[in-house]
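1. kindly generate the corresponding structure for this input.
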Amino acid sequence: MMSTTAEQELPPYARVVADIRARIDAGELRPGDRVPSTRQIMREWGVAMATATKALAALRQEGLVEAVRGVGTLVRQEPASAPDPRAPQGQREYRVPRERPRPAEPTERRPAADTALTREAIVRAAITIADAEGLDGLSMRRVATQLGVSTMALYRHVANKDALVTAMIDQVYTEHALPEPAPADWREALELALRTEWGIYRRHPWTVRLTMLAGAVQSPQLLENAEWMMRVVSARGRSPDEAMAVLTFVSAYTSGMALQATRAVVEDYEFGMDAEHWWRSRGPEFLRLAEQGRYPLTFSISGPPDVHGVFELGMKHLLDGLTPLIEGEGSPQEAAVEP
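-> Okay, here's the model as predicted:
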């Protein structure tokens, strides 16, 4: 087992790898057992999602674990010829392969769980998976595994994956429905709407790809959210076209900021990495660039950008710029071309 001092010198992902490797070697995690998920690693070791994902990738590269589609990451049976990657070159020992239990056949799924299944449970499980793994990690089989039911049982409640994703968006926006009536002041109302949408994107990064303007999903609650904002603008005497122009401006700002704040896909092991963790993970690289002296302004900032503060500042100036249009002193075309 690695000493505490030596372990502290390792980068965060390597400490996670060392701990999980030790559990496997000690028999705490046996062949066929599920290893901690990305979310569990984040909670237990206090690391970012990117670090947790990189740790699992490193364990797979060592041959200690394998990803089983629809099941998760399991401790694998090691081939007899696989060397211990931790041993010095030329002194690597070969491990004895350990027997891995056969996975249960699909027919062994519990019919009682299938019977008790509800549409709401399916949608909530799908949201949990998408939050942790993104839409690319979401499938009907993955949801079924999460719930411990057969895949076919899901189709009694949702027609297909597209219908499931629509229901997920509807659920998220229903949980964060805008209040009725809307605040009387248009600026207060739009600030409330934008902060609500910003919060949704931060908690559920996968939703950015499915907004109304992106055209991917048209859920009732998503449309209601858009209608609410358009009513706020229309109440100032603006036409539906003008209200839609304002909605386009503000929604593009919020979703664009969300994409900047949460790196949806950077590298295979960096899904969902937020801006602060990305900056900190690149510390050594930034130091080397700073020493070159070619980017004095970039490397004079005090630290990673405060994305929430930047969002608030940008929202304030965006609404300042839209005031003439909303209050009837300009047109969408003028707002688009004026400096």
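
2. quick check: buried residues in whichever strand or helix holds R15?
-> In this structure, R15 is located in helix 12-25 according to DSSP states H and E. Buried residues in helix 12-25, counted by 16 or more other Cβ atoms under 10 Å: P12, Y13, A14, R15, V16, V17, A18, D19, I20, R21, R23, I24. C-beta: built from backbone N, CA, C; applies to glycine.

3. swap in stretch 119-128?
-> Using 16+ other Cβ under 10 Å as the test for burial, stretch 119-128 gives A121, I122, V123, R124, A125, A126, I127.

4. rebuild those as TSV, extending it with distance to Y173, secondary structure and pLDDT.
-> Formatted as TSV, the buried residues of stretch 119-128 follow (distance: Cβ to Cβ, whole Å; DSSP: H, G, I helix; E, B strand; the rest coil; pLDDT from 0 to 100):
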residue	distance to Y173	secondary structure	pLDDT
A121	19	helix	94
I122	17	helix	95
V123	12	helix	96
R124	14	helix	94
A125	18	helix	93
A126	15	helix	94
I127	12	helix	93
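
5. sorry, back to before: which of the buried residues of helix 12-25 lies closest to L322?
-> Closest approach to L322 among the buried residues of helix 12-25 (Cβ to Cβ): P12, at 42.8 Å.

6. contact partners for that closest one?
-> With contact taken as Cβ atoms under 8 Å, 6 or more residues apart in numbering, P12 is in contact with W45, V47, T51.

7. by neighbours, which of the residues you listed wins?
-> Using other Cβ atoms under 10 Å as the neighbour test, the contacts of P12 are led by T51, with 24 neighbours.

8. let me know the helix or strand that that residue is in.
-> Applying DSSP H and E, one finds T51 within helix 49-62.

9. L74 too?
-> Assigned by DSSP H and E, L74 falls within strand 72-75.

10. output the lowest mean pLDDT helix or strand found in this structure.
-> helix 332-337 (a mean of 48; mean pLDDT, DSSP states H and E).

11. who touches the helix or strand that contains D162?
-> Using DSSP H and E, the secondary-structure element containing D162 is helix 161-175. Among residues not part of helix 161-175, those counted as contacts by Cβ under 8 Å, 6+ apart are 119-120, 122-124, 126-127, 130, 135, 138-140, 143, 154, 158, 200, 204, 207, 210, 217-222, 224-225.

12. next step: those residues restricted to helices.
-> Helix and strand membership here follows DSSP state H; of the contacts of helix 161-175, those in helices are 119-120, 122-124, 126-127, 130, 140, 143, 154, 200, 220-222, 224-225.

13. which neighbouring elements make contact with the helix holding T51?
-> Helices and strands touching helix 49-62, by 3 or more Cβ pairs under 8 Å, 6 or more residues apart in numbering; DSSP states H and E, are helix 12-25, helix 38-45, strand 65-68, strand 72-75, helix 275-281.

14. can you lay out those as JSON lines showing distance to Q260?
-> Below are the helices and strands packed on helix 49-62 laid out as JSON lines (distance: least, Cβ to Cβ, whole Å):
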{"stretch": "helix 12-25", "distance to Q260": "24"}
{"stretch": "helix 38-45", "distance to Q260": "22"}
{"stretch": "strand 65-68", "distance to Q260": "30"}
{"stretch": "strand 72-75", "distance to Q260": "30"}
{"stretch": "helix 275-281", "distance to Q260": "7"}
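
15. just send these back as JSON lines, with mean pLDDT and distance to R236 too.
-> Formatted as JSON lines, the entries for the helices and strands packed on helix 49-62 read as follows, by pLDDT from 0 to 100; distance: least, Cβ to Cβ, whole Å:
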{"stretch": "helix 12-25", "mean pLDDT": "89", "distance to R236": "51"}
{"stretch": "helix 38-45", "mean pLDDT": "80", "distance to R236": "44"}
{"stretch": "strand 65-68", "mean pLDDT": "77", "distance to R236": "53"}
{"stretch": "strand 72-75", "mean pLDDT": "81", "distance to R236": "52"}
{"stretch": "helix 275-281", "mean pLDDT": "59", "distance to R236": "35"}
